[in-house]
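> from the sequence below, what's the structure:
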Amino acid sequence: MTDNRKEYAEREKRVLDAIALRKPDRVPIVSATEMFFIRSAGLTAAEAMYDYEKMAAAWKSSMKRYNWDMAPLQHAIRSGPTMELLGMKTFKWPGHDLPENSYYQWVEREYMMADEYDEFLRDPSDFTIRKLMPRMASCLEPLAGLPPISWLGTGYTLLGMLPTITGLPAIQELMEQLRKAGEEKAKWDRMQQRLREDLAEMGYPLFTLGVTYCAFDWISDCLRGMKGSMLDMYRQPGKLKAAVQLLEPMTIQMALTTAARSGVPRVWIPLHRGAAGFMNQAQFDEFYWPCLKSLLLAIIEKGLTPVPFFEGDYTPRLERLAELPAGKVLGHFDKVDRKKCKKLLGEVMCFWGNVPSSLFIAGTPQQIREDVKNLIDVFADNGGLIVDASSTGPPPESKPENVEAMTEAVFEYGR
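As a prediction, this is how the structure comes out:
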């Protein structure tokens, strides 16, 4: 076995041991960072999204420099040309409508109106194609003029209507634009595959590729917006719950499908509205926890590891998280009472995080080392710890010496 293959196996085992609450040979360090890797290698965010080979080279050089146990892969860094070809309205991104070094931004709107629940619940596929997609991408606006998709479900209507539809100039232009977007995205996908293979040859496993969403977040983030979904909890809770229940099996299917295609048995789940500050505990128990718990258990049942990112303060939710099976979930924590988390989840869930992101920007290497040591002192007695920054890895503006200090502290105190 070559040295790189040996290190690959050691790193993989180290992380798997920590997730299973077995004490590894050393506390693992894995980061969900994205833009910091780019900035650290001297690229702008815009270059990373528009020059695929530069992005891949930056990823490899940063991975080698910081020497973490697994490599993150891009969830926020996307193909800028593909987004332009689609005319995405749901994002703003660097090199397009944001400054060169900005982080991409999700454009939150009510893409589904308050009075459209019934239509969505009656036929979510048709609603997605003829209402949501045209509202989310300018390239897809002609879809709003289509007849209901179910009308094409007979041989007569398929023969009579489909050629007519595809012969329309607007639809032909749409299909040509989709062809161009598909070719561009294929270039990005090929780069991603080569990057993954190169990282493996360097001795670094990939942490995660599969992704899914909590059903409530799907509605709140992507359909109704925060204001709309929060009002729905009071004004039409029954319809909100019905939509959550409709999407729940789809979130499970997305998790299983993306994990199977990637070959990586860990599924990233960014969580948003369940944090303290968005809803009280009673609302969490009524609207959020049932669909989140169902999703996590379904992923576990298939032998995969759910990796929820608990963005925001999850201290009030720890008692609910304690209901999950032991050694099967890896939780990335942003803000949480560490001692309370250890008390309630120490025998349940591996803790991933949560060196304060602000320290990487405004702190010193010594402050980073002290915080990492505190993390290890609190969590690492039974192995259930993986170190990272509190948010999705060190922020883009982090001082490189502070990020290096995190790695050094893990190697010093984590054995």
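> other residues contacting the strand or helix carrying Trp289?
Element membership of Trp289 [criterion: DSSP states H and E] is helix 289-301. Identification of contacts with helix 289-301 by CB atoms under 8 Å, 6 or more residues apart in numbering yields 212, 214-216, 244-245, 247-248, 251-252, 255-256, 259, 267, 269, 271, 274, 305-306, 308, 317, 320, 323-325, 328-329. The C-beta positions use only the backbone N, C-alpha and C, and glycine is treated the same way.
> narrow the residues you listed to those in strands?
With strands defined by DSSP state E, the entries of those inside them are 267, 269, 271, 305-306, 308.
> closest one of those residues to Lys54?
Val267 (29.1 Å; CB to CB).
> do you know how far the closest one is from Ala259?
Val267 sits 5 Å away from Ala259, going by CB to CB, to the nearest Å.
> and the longest helix along the chain, how far out from the chain's middle?
Criterion DSSP state H: the longest helix present in the chain is helix 169-202. Centroid displacement of helix 169-202 relative to its chain, using CA atoms, centre = their mean, to the nearest Å, is 20 Å.
> same thing with stretch 296-309?
14 Å.
> as TSV, the ones in strands among the contacts of helix 289-301 with pLDDT, distance to Ile29 and neighbour count would be great.
Putting the ones in strands among the contacts of helix 289-301 into TSV (pLDDT from 0 to 100; distance: CB to CB, whole Å; neighbours: other CB atoms under 10 Å) gives the following:
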residue	pLDDT	distance to Ile29	neighbour count
Val267	97	21	26
Ile269	97	21	25
Leu271	97	22	22
Thr305	98	18	23
Pro306	98	21	24
Pro308	98	19	26
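> any regions of this protein where pLDDT drops low?
1 (pLDDT under 70).
> check which helix or strand the residue of it positioned farthest from its centre maps to.
The outermost residue of the chain, judged against the average C-alpha position, is Tyr156 (43.0 Å), by CA atoms, centre = their mean. Per DSSP H and E: Tyr156 is located in helix 155-166.
> tell me what the longest helix of the chain is packed against?
helix 3-19, helix 52-66, helix 80-86, helix 155-166 (3 or more CB pairs under 8 Å, 6 or more residues apart in numbering; DSSP states H and E).
> list residues touching both of Val267 and Ala259?
Common neighbours of Val267 and Ala259 (CB under 8 Å, 6+ apart) are 210, 299, 304.
> returning to that earlier point: may I see the ChimeraX selection of the buried members of the contacts of helix 289-301?
Provided next is the ChimeraX selection string for whichever of the contacts of helix 289-301 are buried by 16 or more other CB atoms under 10 Å:
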select :212,214,215,216,244,247,248,251,252,255,256,259,267,269,271,274,305,306,308,317,320,324,328,329
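> can you give me the neighbour number for Ala181?
20 (other CB atoms under 10 Å).
> one more: Glu301?
12.
> just the CA trace of the helix holding Trp289, in CSV.
Extracted in CSV, the C-alpha atoms of helix 289-301 (Å, rounded to 0.1, in the frame of the first residue of the first chain):
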residue,chain,number,x,y,z
TRP,A,289,-39.1,18.1,14.5
PRO,A,290,-41.5,15.4,13.0
CYS,A,291,-40.3,15.9,9.5
LEU,A,292,-36.6,16.3,10.5
LYS,A,293,-36.7,13.2,12.7
SER,A,294,-38.4,11.1,10.0
LEU,A,295,-35.7,12.2,7.5
LEU,A,296,-32.8,11.4,9.8
LEU,A,297,-34.2,8.0,10.8
ALA,A,298,-34.9,7.1,7.1
ILE,A,299,-31.3,7.9,6.2
ILE,A,300,-30.0,5.9,9.1
GLU,A,301,-32.2,2.9,8.2
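> leaving out sequence neighbours, find the closest residue to the most centrally placed residue in the chain.
For the chain, Pro270 is the residue whose C-alpha lies nearest the centre (CA atoms, centre = their mean; 4.7 Å). Closest residue to Pro270 apart from its sequence neighbours, by CB to CB, 6 or more residues apart in numbering: Phe309 at 4.8 Å.
> do you have the helices of the stretch 251-400 of the chain handy? List them.
281-283, 289-301, 318-321, 338-345, 357-362, 365-379, 400-413 (DSSP state H, counting those that start in this stretch).
> dump the ones you listed into TSV; add distance to Gly393 as well.
Shown next, in TSV, are those (distance: least, CB to CB, whole Å):
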stretch	distance to Gly393
helix 281-283	29
helix 289-301	22
helix 318-321	22
helix 338-345	19
helix 357-362	9
helix 365-379	14
helix 400-413	9
